[in-house]
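[1] What shape does this take:
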Amino acid sequence: MGLCCCKIGWDSVMRMSADLRDLFLYEAFLYYNPLLLVALMIWLWGVNLWVFAQSSVNYARVFDLAQTHLSHREIWRCATWLTLIVPTSMTAYLYLYSHGEVSLAASQPVLLYAILLMILLSPFDMFTYHHAFTF
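    Now for the predicted structure:
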């Protein structure tokens, strides 16, 4: 998946003129940088919980968490999905923008943010309500 996204992204960027490429990379940075930073933060949060668990630190008691708190595996599962979804959307943005479909390309970041917000606030059993609230 990652190799495919890189190949499509590279081909799409190399297809653009130098002027358009600079403008495009600036726009892509503005749209996708916040979500990439959030994904990195979630990965590091999972690493933090894993280190606590490996060191036998009862972090749930230290931070006064309920017994239904998220484990490092659940945090990493969320981080994995976010890490897969964001580059896929970014690749679609690159591809559509380089092939002249600017209006469709502009909808990619909006759709991504809307879908992530809907998943986070969803009343269905994607996350239990408590875990979504904790997250």
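[2] Could you list the low-confidence segments of this protein?
    Counting by pLDDT under 70, the chain has low-confidence residues at 1-2, 60, 64, 66-68, 123-135.
[3] For it, just list every one of the helices.
    Ranges of helices within the chain are 2-15, 18-54, 59-62, 72-98, 102-121, 129-134, based on DSSP state H.
[4] what would the ones you listed look like in JSON lines with mean neighbour count?
    In short, each C-beta sits where N, CA and C put it, glycine included. JSON lines is the format used below for these (neighbours: other Cβ atoms under 10 Å):
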{"stretch": "helix 2-15", "mean neighbour count": "13"}
{"stretch": "helix 18-54", "mean neighbour count": "14"}
{"stretch": "helix 59-62", "mean neighbour count": "12"}
{"stretch": "helix 72-98", "mean neighbour count": "19"}
{"stretch": "helix 102-121", "mean neighbour count": "14"}
{"stretch": "helix 129-134", "mean neighbour count": "13"}
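[5] Let me see the contact set for the residue nearest in space to the middle of the chain.
    The centroid of the chain falls nearest to Leu82 when counting by Cα atoms, centre = their mean (3.3 Å). Contacts for Leu82 (Cβ atoms under 8 Å, 6 or more residues apart in numbering) come out as 35, 38-39, 42, 116.
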